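> Based on what follows, work out the 3D shape:
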Amino acid sequence: MATDTLTKWTIDSTHSEITFKVKHLVISTVTGKFNTFDATIESSNDDFDGAEISFEADINSIDTGNGDRDAHLKSDDFFNSEAHPKLTFKSKSFKKTGEGEYKLTGDLTIRGNTKEVVLDADFGGTVVDPYGNTKAGFDVTGKIKRKEFGLTWNAVTEAGSVVVSDDVKLNLNVQFMKN
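The predicted model follows:
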């Protein structure tokens with residue numbers, strides 16, 4: 001049902017996770033996450049078609065379960081968190097493509113490099129929680145090329161394999177609360 005005004009939704013960070021996966025040595029996968037992030041949705045309708053979405057993550061909150069690796073990721077070899085403390089996303093379109101399925105297109109900025117990305121979003125629906133808050137859930141997935149965002153560091157093993165893959169899989173499992 002359409003309304004005349006925009007409804008604002010804010011991320012419920014307690015019930016959300018922002019993760020990424022990247023191949024290491026081509027044989028295994030490292031999973032990381034951002035522990036500090038913020039996001040909003042502004043929508044003029046209950047099914048979110050055409051909604052405007054913005055997101056940011058604090059690079060210094062990166063967590064791969066290994067302090068040395070996290071420090072390397074924050075360094076100038078990768079994110080350069082000192083000069084670029086945030087990763088940001090601003091939607092250009094959020095289009096319904098099927099029942100509960102959407103294409104999310106927007107500008108992703110990492111390390112000062114902005115590129116348009118297209119992500120898949122699955123809408124889990126809305127529900128009123130036990131405290132009377134209306135919540136909406138989404139699973140957002142996609143893949144980016146890290147080198148397009150200035151994350152170019154790599155090394156080669158004796159056998160000629162790269163240490164870190166260029167492909168990074170994104171997985172955002174997010175819950176929003178209606179304001």
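> Share the number of residues neighbouring K23, please.
18 (other CB atoms under 10 Å). C-beta here means a position set from N, CA and C on the backbone, and glycine is covered the same way.
> pLDDT wise, what is it at?
K23 is assigned 74 on the pLDDT scale.
> and the residue nearest to it when sequence neighbours are not counted, how far is that from I144?
In this structure, K23 finds its nearest non-sequential neighbour in S165, 3.7 Å apart by CB to CB, 6 or more residues apart in numbering. Per CB to CB, to the nearest Å, S165 is found 11 Å from I144.
> L108 too?
Taken as CB to CB, the span from L108 to I144 is 7 Å.
> Need the overlap of contacts for these two.
Residues touching both L108 and I144 (CB atoms under 8 Å, 6 or more residues apart in numbering): 115, 117.
> Quick one: list the elements packing against the lowest-mean-pLDDT helix or strand in the chain.
Lowest mean confidence among the helices and strands of the chain (mean pLDDT, DSSP states H and E): strand 2-11, at a mean of 82. Contacts defined by 3 or more CB pairs under 8 Å, 6 or more residues apart in numbering; DSSP states H and E place strand 2-11 against strand 37-45, strand 164-178.
> So which elements touch the helix or strand that comes right after it?
Per DSSP states H and E, the first helix or strand lying C-terminal to strand 2-11 is strand 17-24. If you count contacts as 3+ CB pairs under 8 Å, 6+ apart, strand 17-24 packs onto strand 28-34, strand 164-178.
> right, so of those, which gets closest to D139?
Closest approach to D139 among the helices and strands packed on strand 17-24 (CB to CB): strand 164-178, 5.4 Å.
> In the closest one, which residues are buried?
Neighbour-count burial for strand 164-178, counted by 16 or more other CB atoms under 10 Å, picks out 164-165, 168-170, 172-177.
> so what strands line up beside that strand?
Within its sheet, strand 164-178 is paired with strand 2-11 (antiparallel), strand 17-24 (antiparallel), strand 134-145 (antiparallel), according to DSSP bridges.
> right, so of the ones you listed, which gets closest to E42?
strand 2-11 (4.6 Å).
> Out of the buried residues of strand 164-178, which is nearest to A57?
L172 (9.8 Å).
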